[in-house]
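Novice: take a look and give me a structure for this.
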Amino acid sequence: MKILLIGIIGLGIILFVVGVWFWTSDKPRTELQARYLERPSDLVDVLGISLHVRDRGPRDGPVLIMMHGFGSSLHTWDGWADELADRFRVIRFDLPGSGLSMPDPTGDYSDARTLDILNILMDQLGIEKAAMIGNSIGGRLAWQMAAKFPERVTKLVLVSPDGYASHGFDYGKAPDVPISITLMRYFLPKFLLKMSLLPAYGDPSRLDTDTVDRYYDLMLAPGSRQALIHRMEQTVLVDPDPLLATIQVPVLLVWGEKDAMIPISNAADYQRVLHDSTLVRLEGLGHVPHEEAPALTLPPVRAFLERK
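Specialist: The predicted model follows:
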């Protein structure tokens, strides 16, 4: 019994030391803004949420709105946005609780709430309609916007879009959040974050230190980890076919052939239902081709957006 007690105490000490060693505190928001906020005016209040919004390019140009995926930020579009701003008014924003955007005080991270926020943001910026560009979850939001608010969408660029059921995400059911994601709110060593990012790249050697540092920094914004968990907990997919079938605008599907998160085989499901779609297959690239190889992937997107 004494030996068992000593063993339990020893294990407790080890777990305490490991917990203290890997405990990951939030970073001060002022520190993150000093590094990643270009202009104070890029913080825009929408429904009581301070959203990080970059609005660049000619005011009278055709409008593009870019939406990022899970755990990402508006910076994922840097390579495309900077180039497209020569002709287009390019608007990208951090989803609530991501990047430099504050968490939603209501705790509601459903798609319906996010679309409400997007509609009001467009109204505040004086935008009647826009082409929507979205990656992963951002792609799901983009095509839902086109289906539910068709008067506000001119074209769609869907980069590895989410929407169809996949492992762990069944229709009509909230997913079971993995314990690794739940623990992320307390423990997030940078090497583990890098390991989680590597599968998003078709060529892991393209994931550079600066990109890992940016993801890590912004994941430690106050409230961001909890918001990501809430967003996952509140994701309830429904069969997308009925909504997709209502979309009348042209759609460009952009997919990395080495996407390990949402396989390119899903593109056939979209093309089966959409009325006007074109698929661009990207050899050797993964789930975030716009981030992994922006110069290589932008030309077909620009051609699509400039087409009358």
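
Novice: in terms of helices and strands, where is the one residue sitting closest to the centre of the chain?
Specialist: Nearest residue to the geometric centre of the chain (Cα atoms, centre = their mean): residue 69, 1.5 Å. Assigned by DSSP states H and E, residue 69 falls within no helix or strand.

Novice: need the contact list for it.
Specialist: Applying Cβ atoms under 8 Å, 6 or more residues apart in numbering, we find residue 69 in contact with 76, 135-139, 162, 287-288. Backbone N, C-alpha and C define where each C-beta goes, glycine included.

Novice: not counting sequence-adjacent ones, nearest residue to it?
Specialist: Excluding its sequence neighbours, the residue lying closest to residue 69 (Cβ to Cβ, 6 or more residues apart in numbering) is residue 136, at 3.0 Å.

Novice: that neighbour and residue 261 touch, don't they?
Specialist: Yes - assessed by Cβ atoms under 8 Å, residue 136 is found in contact with residue 261 at 7.3 Å.

Novice: give me the more crowded residue out of the two.
Specialist: Neighbours were counted for residue 136 and for residue 261 using other Cβ atoms under 10 Å; residue 136 has more, 26 against 16.

Novice: phi and psi next, for that one.
Specialist: When read as degrees, to the nearest 10, the backbone of residue 136 gives phi 60, psi -120.

Novice: that older thread, gap between the residue nearest to the centre of the chain and residue 126?
Specialist: 27 Å (Cβ to Cβ, to the nearest Å).

Novice: what do you get for residue 28?
Specialist: Taking Cβ to Cβ, one finds residue 28 at 33 Å from residue 126.

Novice: more neighbours: which of these two?
Specialist: Of the pair residue 28 and residue 126, residue 28 is the one with more neighbours under other Cβ under 10 Å, namely 12 against 8.

Novice: show the contacting residues for that one.
Specialist: Residues near residue 28 by Cβ under 8 Å, 6+ apart: residue 222.

Novice: just to revisit the earlier point, list the contacts for the residue nearest to residue 69?
Specialist: Each residue near residue 136 by Cβ under 8 Å, 6+ apart is listed here: 68-70, 72, 159-162, 261-262, 287-288.
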